[in-house]
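[1] Let me see the structure of the following:
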Amino acid sequence: ERPEGDFCSICTLPIPFRIEDHSVFEVCCMKRICKGCAMAAHKRGMFDCSFCRSPCPDNDADVLAMTQARVLKKDPKAINHLGEKYCHGLLGMQKDLKKAVQLYTEAAELGSVQALFHLGFAYYTGEGVQKDVAKAAEFYEKAAMQGCPLSRHKLG
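    Model prediction:
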């Protein structure tokens, strides 16, 4: 069975794999929408978010502002998303692996399965934290128990 995030938030159909290639992620509402629903909205002349109808951000500063607004509301998807941006140094921010791990930890405490996977990866590679394979396996196991296929793969 596929995780909840693998389905379009509008039509509820499963998004084909490589999900990133077949969908768009809206930072205003932290929802993933299939490209079919996004295209249908554009054909109707709607260029805002297809899910929440918020104006789409024009630049990295707007994306960061929208994400931080959701982080302040303790949205686990937003906190994990911001952690990913710190991890890779995106949206004009400096790469900060320790900050990314802090955000992943907060998101995991709030229930983000993806953040558990990211914590497992951080502990496995030693990026932003002291390398600890046993702790990595612990996080991978927690994520796998909640349906994360990547964690299941990492556990073997």
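
[2] Where does the residue nearest the centre of the chain fall, secondary structure wise?
    Residue closest to the mean C-alpha point of the chain, counted by Cα atoms, centre = their mean, is H81 at 4.5 Å. Assigned by DSSP states H and E, H81 belongs to helix 76-88.

[3] mind listing the helices for the chain?
    Assigned by DSSP state H, the chain shows helices spanning 19-22, 35-43, 60-72, 76-88, 97-109, 113-125, 133-145, 149-155.

[4] Centre of the chain to the fourth one, how far?
    Centroid separation for helix 76-88 versus its chain: 7 Å, with Cα atoms, centre = their mean, to the nearest Å.

[5] what do you get for stretch 147-156?
    Its chain's C-alpha centre and that of stretch 147-156 lie 16 Å apart, by Cα atoms, centre = their mean.

[6] do stretch 82-89 as well
    In terms of Cα atoms, centre = their mean, the centre of stretch 82-89 is set 10 Å apart from its chain centre.

[7] What are the buried residues along it?
    For stretch 82-89, burial by neighbour count (16 or more other Cβ atoms under 10 Å) applies to 82-87. To be clear about C-beta, it is placed using only N, CA and C from the backbone, and glycine gets the same treatment.

[8] State the mean pLDDT of it.
    What stretch 82-89 shows for mean pLDDT is 96.

[9] Now for the closest residue to G147 other than its chain neighbours: which residues touch it?
    Excluding its sequence neighbours, the residue lying closest to G147 (Cβ to Cβ, 6 or more residues apart in numbering) is P3, at 4.8 Å. Each residue near P3 by Cβ atoms under 8 Å, 6 or more residues apart in numbering is listed here: 113, 147-149.

[10] Which among the residues you listed count as buried?
    Buried members of these, counted by 16+ other Cβ under 10 Å: 113, 148.

[11] a markdown table please, covering the contacts of P3 and showing pLDDT and distance to Q68.
    Compiled in a markdown table, the contacts of P3 are given as follows (pLDDT from 0 to 100; distance: Cβ to Cβ, whole Å):
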| residue | pLDDT | distance to Q68 |
| --- | --- | --- |
| V113 | 95 | 22 |
| G147 | 87 | 28 |
| C148 | 90 | 26 |
| P149 | 88 | 29 |
